[in-house]
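Next comes the sequence, and after it the predicted model I'd like to discuss.
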Amino acid sequence: MADATKRLPTNIAGNFFVDATCINCDTCRQLAPKSFVENGEYSSVYRQPESEAERYQAYQALLACPVGSIGALVPEKAIMRAATESFPMLIEHHVYYNGFNSEKSFGANSYFIRHPGGNWLVDAPRYMKKLVDAFERFGGIAYIFLTHEDDIGDAPRYAKHFGAKRIIHRADADAQPDAEWIVDGLDTVETSPDFRIIPVPGHTDGSMALLYRNRYLFTGDHMAWDREINGLRLATVYVWKESALRRSAERLLEYPFEWVLPGHGDRVHLPADRMKGELRLLLARRAAKKSLYAP
């Protein structure tokens, strides 16, 4: 729970606040951008939510915060209860954002896919009874796709509870040495007509993306939407190899997709041709940056 005595001075006065335990993971800014903003090394409340819809989003951010850094001096129990029930949160069709981000993965987003051939968890949130109950109602979890070694979260606990197969690349398998399915090499793995596993080394040696129905691309920390430049961006911190990161992005031009669903950063939905255009713009920016610093 957030501590009002540790309330950051950068918060505007009012009910909601962020305390000094914030790890600046961006979760709250994604869920309630009208209330939270990055301020130095932390998030803070720059505008108190006014409408019920804005307060609902702020409570979603409070609940999803991986370290419990967001507080409300006077909690509104009915809205908080509704916000709790909103997770897993439907994105589109049978794809959900789980909420309850995990500190173990520095607040990375995780996702759930309902599928008749077996449900998929993409990376893992905190182990919460609320989520376990929801996943059980949806028919359990057959596969846990781990995009890379950093965003494991509570995957082992979910795997044990549901008897799910964890999928990870061999280059990152030290993070889950007992994983049930190890992916090798750089070849795309088509697990069924609906799912393709695409190795995208760069952020880590074993980073992978999951393409679902040629529409939803789960990218881990490889690629996300950047609200500041209003465009796609590649991983900018803890990059294993820059040249591999760029080649992996080029490889994604081979596939159609309309959604980018990242671990860190904003998700985005665009028509497939526009998405491909944004990817080309990203690659052009990276090439220009490389030439700028070339000897």
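Cool, got the structure.

buried ones in the helix or strand bottoming out on mean pLDDT in the chain?
Of all helical and strand segments in the chain, the minimum by mean pLDDT, DSSP states H and E falls on helix 272-293, at a mean of 86. Within helix 272-293, the residues scored as buried using 16 or more other C-beta atoms under 10 Å are 275-276, 278-279, 282-283, 286. To be clear about C-beta, it is placed using only N, CA and C from the backbone, and glycine gets the same treatment.

Check which helices and strands it is in contact with.
strand 231-234, helix 242-251 (3 or more C-beta pairs under 8 Å, 6 or more residues apart in numbering; DSSP states H and E).

Relative to Arg267, which of the ones you listed is closest?
With C-beta to C-beta, the closest approach to Arg267 among those belongs to strand 231-234: 11.4 Å.

and stretch 251-265, how far out from the chain's middle?
12 Å (C-alpha atoms, centre = their mean, to the nearest Å).

Over to stretch 68-88?
With C-alpha atoms, centre = their mean, you get 20 Å for stretch 68-88.

what residues does it touch?
With C-beta atoms under 8 Å, 6 or more residues apart in numbering as the test, stretch 68-88 has contacts from 1-4, 7, 15-23, 28, 43, 52, 55-56, 58-64, 96-100, 112, 130-131, 134-135.

Going by neighbour count, list what's buried in that stretch.
Residues of stretch 68-88 classed as buried: 69-72, 76, 79-80, 83-84, 86-88 (neighbour count, 16+ other C-beta under 10 Å).

so what's the backbone phi/psi at Trp83?
Residue 83: Ala, not Trp. Dihedral angles of Ala83 (phi, psi; degrees, to the nearest 10) stand at phi -60, psi -40.

Between its first and last residues, how far does stretch 43-57 reach?
One end of stretch 43-57 to the other measures 15 Å (C-alpha to C-alpha, to the nearest Å).

Tell me the buried residues in that stretch?
Result for stretch 43-57 [16+ other C-beta under 10 Å]: buried residues 43-45, 48-49, 54-57.

now do stretch 145-164
Buried, per 16+ other C-beta under 10 Å, within stretch 145-164: 145-156, 158-159, 162, 164.

Go through these and say which is closest to Val268.
Thr147 (17.0 Å).

wait, what's in contact with the residue nearest to Met89 when sequence neighbours are not counted?
Leaving aside its chain neighbours, Met89 sits nearest to Tyr97 (4.8 Å; criterion: C-beta to C-beta, 6 or more residues apart in numbering). Going by C-beta under 8 Å, 6+ apart, Tyr97 touches 87-89, 91, 109-111, 261, 267.

Turn the residues you listed into CSV, columns for distance to Val37.
Formatted as CSV, the contacts of Tyr97 follow (distance: C-beta to C-beta, whole Å):
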residue, distance to Val37
Phe87, 23
Pro88, 26
Met89, 22
Ile91, 24
Asn109, 19
Ser110, 24
Tyr111, 25
Leu261, 23
Arg267, 19
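
and the residues you listed, which of them are in strands?
The members of the contacts of Tyr97 that map onto strands under DSSP state E are 89, 91, 111, 261.

Surely Ala61 is in contact with Lys34?
No - here Ala61 does not reach Lys34: they are 10.6 Å apart, not a contact under C-beta atoms under 8 Å.

can I see the domain layout of the protein?
The chain breaks down by automatic domain parsing into domains covering 4-84, 87-293.
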